[in-house]
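Q: Got a predicted model here, sequence first, then my questions.
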4 protein chains.
Amino acid sequence: MRNDRKNTDKFNRIIRAAVKIFARKGFFNSKVSEIAREAKVADGTIYLYFQNKDDILISLFEILMDSILLDIKEKLAEEPDPVQKIKLFALHHLQILRTNQEAAEVIQVELRQSTKFMKEYKNEKFLQYLNIISDIVKEGQKKGIFREDIVPGVAKRAFFGALDEMSRYWVLSSKKQYDIETAAEQISGLFINGMSYRSLS
Amino acid sequence: MRNDRKNTDKFNRIIRAAVKIFARKGFFNSKVSEIAREAKVADGTIYLYFQNKDDILISLFEILMDSILLDIKEKLAEEPDPVQKIKLFALHHLQILRTNQEAAEVIQVELRQSTKFMKEYKNEKFLQYLNIISDIVKEGQKKGIFREDIVPGVAKRAFFGALDEMSRYWVLSSKKQYDIETAAEQISGLFINGMSYRSLS
Amino acid sequence: MRNDRKNTDKFNRIIRAAVKIFARKGFFNSKVSEIAREAKVADGTIYLYFQNKDDILISLFEILMDSILLDIKEKLAEEPDPVQKIKLFALHHLQILRTNQEAAEVIQVELRQSTKFMKEYKNEKFLQYLNIISDIVKEGQKKGIFREDIVPGVAKRAFFGALDEMSRYWVLSSKKQYDIETAAEQISGLFINGMSYRSLS
Amino acid sequence: MRNDRKNTDKFNRIIRAAVKIFARKGFFNSKVSEIAREAKVADGTIYLYFQNKDDILISLFEILMDSILLDIKEKLAEEPDPVQKIKLFALHHLQILRTNQEAAEVIQVELRQSTKFMKEYKNEKFLQYLNIISDIVKEGQKKGIFREDIVPGVAKRAFFGALDEMSRYWVLSSKKQYDIETAAEQISGLFINGMSYRSLS
DNA sequence: TATGAATGAGAATTCATTCAT
DNA sequence: CATGAATGAATTCTCATTCAT
């Protein structure tokens, strides 16, 4: 269905343009014609590749998430220790900001924008991302590293939320007081410590 | 200028109506005339109390935050123990959802929706809220309960983010798997443990 | 519902403008903004009085038909003779062209334009108009003037169709070869003769 | 230029597709790409055979009318009696509905749709069709069967209009109360009687 | 102050037509 | 001849905001 697109180049140009425009002005304040101009295609061309403006945002999100998911899974595959995995996850999550600011901004700010997207759109990709965390937690519990009373379903959201709020801080603030590595260490440290049987002091 | 408002009643009705409508449909999908209808005032009346649609959202946010700030500060004042304070904060933050669903939704989902608000609007009230957390952390460090290597500026965002993500989960999902008390305990437990010198096991 | 329109003046101006524009360019080739300009109102004002472009055409048709129905019924009420009634009907039908060219054109040409209108829109007013004819036919039959084997339901359409086609001729052709009175006499003569037991020779 | 069309097959497929689509959705609501799809040709191919969308409608009309004209002339050629000719014409006109519903619908509803077509496009074929009727009338008058005071130019339109309105009834209404033969008899009876010196009783 | 009818700029989307392949 | 991806002008309708009453 989406594979038989003749011109992947134009599709990609539109996606890239949309990421840029959405990141800069927000979804509602972005005009389809701006995206078209940025992508150097005609307005109508957008509608050959996307059903409507909403569909651009959703497609874009899924593509970005796919890439992020692939990446993080690959990185984690090489690491057997749940504690190290938590550290890796935190670092990787925050590093996306550095490598792909605009994409991070769109995911960060825009996908939350509307009840429409979050309530109606079954966010499968995001759940997959969250479940990577809960899988690590469960693995750590099985190995006797993380406490049994930790509820993985709560921990995954808490950990993601902590990282995500940090991302927001970077995206929104002009002067960053902490570097990404410090923040990643702090947050993963907090959670590892918080979930472990004994303080790592 | 905002203090000499003759008719506080109408102002409040508009605010309450806006909270309801924004929570239900999101900021961009809400119409000024809908808010007017819900508030039982004429469309034009809204512009006697607010500069424009954006101003409604900002005013509403400030009023809600004022009330939340006042409330949480009062609650925490009676509690000397930083550990208990963290627990109290978490519980109180999540309980807002129960007592004032709509307000929570608006703050949760809508204020983040637009780069416009978060980038251009210097969010003083939100910072005050965050700083309550860092103050507790610092207090705990001074009392030798929380580890010195914890960076309060990171911890405050991590803690808020964790709670906030949990809120989002409640706002957006229909079936809630964990009750508020459990979530509050889990999250405050994680952070207290994570910030303490020794595990509370 | 439609009676509580505050400003009947604007409503009428829009209707009059629409009649003019639709008659001149046809429904599909008429732009809402042209109607607005002609009515000297803003584009948006149209949508305070009509749901959409289709609604303008339908409203306009119903208003015109109401006026035509009222008029013809009044005229026929004074006349007891079915034969004279047929003559009156024909003359009156064609005279509308002279007194209200544009209205006649819209009814003539535009209302037939689209399957949409004719198939989906239950054309009650038009049926009332047609039934005036069949009522005359039935009355004539009861009085022994018109032949019993005439099917009123067919005759009404035949008579209307004959008049209508003549109208079309006037609306569309630039040079009119017959005057309205002649055409009315010819057509009513044909039908009266055709429906009578003996030729009026 | 139109005679040297290499591929008559494609031309015909497009015409047939257009008849189908126009009949179903009306001219303005039909998309060129729909016609192309129905005809199993590429969108661009249509423009190798037709100048534009309007040209499809006009060509289609002329082709249908040519066929109808040929047919009716052939049928009438064998019949010397003007009275029988009128009967034949009525029957044949209405029978087209049965043999070629869609074509009839397009001619019926669509050709009237736009002032553009009816005013600007000199409708030669249609006039030929009408003149078949007036020729019969004149012939009848010469033979002393039809009254001298009948104006053939009015009678032709009246007769056509009567038949045409009956067609519209069939095309638009779902439940048909009269069969085609009855209607043809009624209408031709009306006119023959109406035009004759003495009632046929 | 309060009203709500009126405004008109603005935006998403459509679709006839073209033209490089 | 045939294709169908690309174009971009054109159009309906929305809705924040104003202002005469």
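A: Cool, the structure landed.
Q: For the helix or strand in which residue A:160 is found, name the packing helices and strands.
A: Assessed by DSSP states H and E, residue A:160 sits inside helix A:152-172. Using 3 or more CB pairs under 8 Å, 6 or more residues apart in numbering or on different chains; DSSP states H and E as the contact test, the elements touching helix A:152-172 are helix A:82-99, helix A:101-105, helix A:124-142, helix A:180-195, helix B:152-172, helix B:180-195. In short, each C-beta sits where N, CA and C put it, glycine included.
Q: Next, the buried residues of the first one.
A: Of the residues in helix A:82-99, those scored as buried under the neighbour-count criterion (16 or more other CB atoms under 10 Å in any protein chain shown) are A:82-83, A:85-94, A:96-97.
Q: so where does the residue of chain A found nearest DNA strand F fall, helix or strand?
A: Residue nearest to DNA strand F within chain A: residue A:44 (1.6 Å; CB to the nearest atom of the strand). Counting by DSSP H and E, the element that carries residue A:44 is helix A:43-49.
Q: That helix near chain D at all?
A: No - applying CB under 8 Å from any CB of the partner chain, one finds helix A:43-49 separated from chain D by no less than 12.2 Å.
Q: In three-state terms, label the residue nearest to residue A:21 when sequence neighbours are not counted for me.
A: Closest residue to residue A:21 apart from its sequence neighbours, by CB to CB, 6 or more residues apart in numbering or on different chains: residue A:30 at 4.6 Å. What DSSP: H, G, I helix; E, B strand; the rest coil gives for residue A:30 is coil.
Q: List the buried residues of the biggest helix by length in chain A.
A: Longest among the helix segments of chain A by residue count, using DSSP state H, is helix A:53-77. By 16+ other CB under 10 Å, the buried positions in helix A:53-77 come out as A:53, A:56-61, A:63-65, A:68, A:72, A:76.
Q: Stretch A:178-196 too?
A: Those would be A:178, A:180, A:183-196, for stretch A:178-196 by 16+ other CB under 10 Å.
Q: Name the weakest-confidence residue in those, if you would.
A: Lowest pLDDT of these: residue A:178, 85.
Q: looking at this, it is in a helix?
A: No - Residue A:178: not assigned to a helix; according to three-state DSSP it is coil.
Q: doesn't residue A:21 make contact with residue A:34?
A: Yes - look at residue A:34 against residue A:21 with CB atoms under 8 Å: they come within range, at 5.3 Å.
Q: neighbour-wise, which of those two wins?
A: residue A:21 (24 against 18; other CB atoms under 10 Å in any protein chain shown).
Q: Help me see whether the helix or strand that contains that one makes contact with DNA strand E, please.
A: Assigned by DSSP H and E, residue A:21 belongs to helix A:8-25. No - figure legend: helix A:8-25 not in contact with DNA strand E (CB under 7 Å from any atom of the strand); closest approach 10.3 Å.
Q: That helix: how far from the chain's middle?
A: Once both centres are worked out by CA atoms, centre = their mean, to the nearest Å, helix A:8-25 turns out to sit 17 Å from its chain's centre.
Q: Let me see the residues that make contact with that helix.
A: Outside helix A:8-25, the residues that touch it by CB atoms under 8 Å, 6 or more residues apart in numbering or on different chains are A:5, A:30, A:34-36, A:38-41, A:45-46, A:49-50, A:56-57, A:59-60, A:63-64, A:101-103, A:105-106, A:109-110, B:115.
Q: what element comes up after that helix heading to the C-terminus?
A: helix A:32-39.
Q: Can I get that following helix as PDB, trimmed to CA atoms?
A: Output in PDB follows, covering the C-alpha atoms of helix A:32-39 (Å, rounded to 0.1, in the frame of the first residue of the first chain):
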ATOM      1  CA  VAL A  32       0.300  22.800   4.100                       C
ATOM      2  CA  SER A  33       1.500  25.200   1.500                       C
ATOM      3  CA  GLU A  34       4.500  26.000   3.700                       C
ATOM      4  CA  ILE A  35       5.400  22.400   3.800                       C
ATOM      5  CA  ALA A  36       5.000  22.200   0.000                       C
ATOM      6  CA  ARG A  37       7.200  25.200  -0.500                       C
ATOM      7  CA  GLU A  38       9.800  23.800   1.800                       C
ATOM      8  CA  ALA A  39       9.700  20.500   0.000                       C
END
